[in-house]
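Engineer: Need the 3D shape of this:
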Amino acid sequence: MHDALDLRELLADEIVQRRESGYDLTAVLPRIQQAYPVQAALAAQGPRWSADLERAYLDLADTSVRPDWPYDEPQTEAEILAVPPGARLPRPGTAELTDRIHAAWLGRCAGCNLGKPVEGHGWNRLKLRSYLEQAGAYPITDYLPVLDPMPDGMTFHRSWQEATRGRVNAMARDDDTDYTILGLHLVEKYGPGFGTADVAFEWLRHLPFTQTYTAERAAYRNLVRGHDAADAARIFNPYREWIGALIRADAFGYVRPGDPRGAALLAYRDAALSHTGNGIYGEMWAAALIAAGLCVSTAREALAIASTVVPAGSRLAEALRDVLASYDSGATWEQAIEQIEQRTGHYHWVHTINNAAVITAALLWGEGDFSRTIGLAVEAGLDTDCDGATAGSVFGALHGTAALPGAWVDPLHDTIHSAISGFDNSSIADLARRTAALAEE
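Structural biologist: Prediction:
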């Protein structure tokens, strides 16, 4: 489902996206549903793309935000980038910064591997906890064990053979780490002045289409069809506020230690290829969070700094504020995650807003413990590999390699598999050294 090459699915998902973003569909939706009953077309396996579907989709685009919509979510570049300058943070010395960047790479890999087996396949929080308890592995303190036979109704993602306990022998290929590598390549090749068109060119040159998903696949499709990079995010792309941009942020934070706003600006240029609104804000937030994390000592401080690059009137800003308020009020993890589900549970499990809230909560309630931090990020049961990866990356940036238990990083064997051409079987330490060199420039 959510196939960027099937306009029947794109139309159905665009209806959801418009509703979530406060658009008034009162007049247009009955006309669309009468002219083109989407669910019936999906069930009957009608044409995947047609002129009628395009007309229906464009009718949705001819709508506006309700007058009573309580959020202010800028869409233009000038408005989004009008974030407070913020003070530069004191940077650690070269040796410590290099170690923190290495730890961020390692933390990202370990957290991503942890979450891979339970990505999708209905692995919500309650189902995941049930499995972990049956396996004697709750709370999470190591890679996930495999039960044989698997309990009824529980199926791991196909990556389980290289991402479960006793089977990890490297960082398995994953889009979360592919994009970190590609971000490093962008800055190495073009410097910090790269533009969105450069991102598009490097996608087409290095990133296989079949290893892209949702918003990224829609943008890639638009590029192949000849659309300009500046327009790729907005054409037949209902996934423009999903998590795909947020997971691409890390390299831009790594190379801008102590400069959260600068990291956010780099992230904007990357995100704008495939996302709009909260999708862009999410990547800016994650990049700023890592840039701050490399120079402060607590997750609470880094999160407060990162929030300054998110438009204050947005749904993402509201969700992040809610989590911070829960933490500051003394709420338990269980109370916090239930509040996140109550307030953001209507979003798709790979949306930016709910997953950013989970990452925030995992960092806070992780209490400076790596296993607990990535464990909570995964146990929340949303986009498990993405949330584990980002939480692990931020943790590493904050605490350095000494805080990463060997049980998590030793099985990686300093190796990362990647679909990015020219980067498969890279050394994690080498990628970290190259990143640190850019951070020192």
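Engineer: what bits of the chain have low per-residue confidence?
Structural biologist: 38-42 (pLDDT under 70).
Engineer: Can you give the domain ranges for it?
Structural biologist: Here the domain parsing of the chain from automatic domain parsing is 7-61, 78-116+172-440.
Engineer: so which of these gets nearest Arg158?
Structural biologist: Smallest distance to Arg158 across those (Cβ to Cβ): 9.4 Å, for domain 78-116+172-440. From N, CA and C alone the C-beta is placed, and that goes for glycine too.
Engineer: What is the end-to-end distance of that closest one?
Structural biologist: 29 Å (Cα to Cα, to the nearest Å).
Engineer: Packing partners of the longest helix seen in the chain?
Structural biologist: Criterion DSSP state H: the longest helix present in the chain is helix 94-115. The contact analysis (3 or more Cβ pairs under 8 Å, 6 or more residues apart in numbering; DSSP states H and E) places helix 94-115 against helix 175-190, helix 250-254, helix 370-379, helix 384-399, helix 406-409, helix 428-440.
Engineer: coming back round to it: quick one: closest of the domains of the chain to Ala135.
Structural biologist: When these are compared by Cβ to Cβ, domain 78-116+172-440 sits nearest Ala135, at 13.0 Å.
Engineer: ok, back up a step: and the helices and strands packed on helix 94-115 as CSV, adding distance to Asp52?
Structural biologist: Listed next are those as CSV, based on distance: least, Cβ to Cβ, whole Å:
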stretch, distance to Asp52
helix 175-190, 33
helix 250-254, 41
helix 370-379, 42
helix 384-399, 35
helix 406-409, 52
helix 428-440, 48
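Engineer: Tabulate those (JSON lines), appending mean neighbour count and distance to Ile416.
Structural biologist: Shown next, in JSON lines, are the helices and strands packed on helix 94-115 (neighbours: other Cβ atoms under 10 Å; distance: least, Cβ to Cβ, whole Å):
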{"stretch": "helix 175-190", "mean neighbour count": "23", "distance to Ile416": "6"}
{"stretch": "helix 250-254", "mean neighbour count": "32", "distance to Ile416": "13"}
{"stretch": "helix 370-379", "mean neighbour count": "26", "distance to Ile416": "17"}
{"stretch": "helix 384-399", "mean neighbour count": "30", "distance to Ile416": "12"}
{"stretch": "helix 406-409", "mean neighbour count": "16", "distance to Ile416": "12"}
{"stretch": "helix 428-440", "mean neighbour count": "18", "distance to Ile416": "5"}
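Engineer: how about the ones you listed, which one is nearest Ala95?
Structural biologist: That would be, of the helices and strands packed on helix 94-115 and by Cβ to Cβ, helix 428-440, which comes in at 9.8 Å.
Engineer: Identify the residues contacting Val146.
Structural biologist: Phe156, Trp160, Thr164, Arg165, Arg167 (Cβ atoms under 8 Å, 6 or more residues apart in numbering).
Engineer: what does His206 give?
Structural biologist: So His206 contacts Leu182, His185, Ile420, Ser421, Gly422, Phe423 (Cβ under 8 Å, 6+ apart).
Engineer: One more: Ala264?
Structural biologist: Ala264 neighbours (Cβ under 8 Å, 6+ apart): Val83, Met284, Trp285, Ala287, Ala288, Ala291, Val309.
Engineer: Ala317 is nearest to which of the helices and strands packed on helix 94-115?
Structural biologist: Short answer: helix 384-399, nearest of the helices and strands packed on helix 94-115 by Cβ to Cβ, at 17.7 Å.
Engineer: Next, the buried residues of stretch 319-339.
Structural biologist: Buried residues in stretch 319-339, counting neighbours by 16 or more other Cβ atoms under 10 Å, are found at Ala319, Leu320, Asp322, Val323, Leu324, Ser326, Tyr327, Ala331, Trp333, Ala336, Ile337, Gln339.
Engineer: Could you list the residues in contact with that stretch?
Structural biologist: Contacts for stretch 319-339 (Cβ under 8 Å, 6+ apart): 125, 285, 300, 303-304, 307, 310, 340, 343-344, 353-354, 356-358, 360-361, 364-365, 376, 380.
Engineer: Among those, which are located in helices?
Structural biologist: Of the contacts of stretch 319-339, the ones assigned to helices by DSSP H are 125, 285, 300, 303-304, 340, 343-344, 353-354, 356-358, 360-361, 364-365, 376.
Engineer: Using ChimeraX, define a selection of the buried residues within the contacts of stretch 319-339.
Structural biologist: Per 16+ other Cβ under 10 Å, the buried members of the contacts of stretch 319-339 correspond to this ChimeraX selection:
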select :125,285,303,307,310,340,343,344,353,354,356,357,358,360,361,364,365,376,380
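Engineer: Which positions within the longest helix of the chain qualify as buried?
Structural biologist: 97-115.
Engineer: and the angle from it to helix 352-365?
Structural biologist: For helix 94-115 against helix 352-365, the angle by axes from the mean of the first three to the mean of the last three Cα atoms, to 10 degrees is 120 degrees.
Engineer: Can you get me the centre-to-centre distance for helix 94-115 and its chain?
Structural biologist: 17 Å (Cα atoms, centre = their mean, to the nearest Å).
Engineer: Please export the alpha-carbon coordinates of it; PDB is fine.
Structural biologist: Taking C-alpha atoms only, helix 94-115 is exported to PDB below (Å, rounded to 0.1, in the frame of the first residue of the first chain):
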ATOM      1  CA  THR A  94      38.800  18.000  18.400                       C
ATOM      2  CA  ALA A  95      39.300  14.600  20.100                       C
ATOM      3  CA  GLU A  96      36.000  14.700  22.000                       C
ATOM      4  CA  LEU A  97      34.000  16.000  19.000                       C
ATOM      5  CA  THR A  98      35.500  13.200  16.800                       C
ATOM      6  CA  ASP A  99      34.500  10.600  19.500                       C
ATOM      7  CA  ARG A 100      31.000  12.000  19.800                       C
ATOM      8  CA  ILE A 101      30.500  11.900  16.000                       C
ATOM      9  CA  HIS A 102      31.800   8.300  15.900                       C
ATOM     10  CA  ALA A 103      29.400   7.500  18.700                       C
ATOM     11  CA  ALA A 104      26.500   9.100  16.900                       C
ATOM     12  CA  TRP A 105      27.200   6.900  13.800                       C
ATOM     13  CA  LEU A 106      27.400   3.800  16.000                       C
ATOM     14  CA  GLY A 107      24.300   4.700  18.000                       C
ATOM     15  CA  ARG A 108      22.400   5.300  14.800                       C
ATOM     16  CA  CYS A 109      23.400   1.900  13.400                       C
ATOM     17  CA  ALA A 110      22.600   0.000  16.600                       C
ATOM     18  CA  GLY A 111      19.200   1.600  17.100                       C
ATOM     19  CA  CYS A 112      18.300   1.100  13.500                       C
ATOM     20  CA  ASN A 113      19.200  -2.600  13.600                       C
ATOM     21  CA  LEU A 114      17.200  -3.000  16.800                       C
ATOM     22  CA  GLY A 115      14.100  -1.700  15.200                       C
END
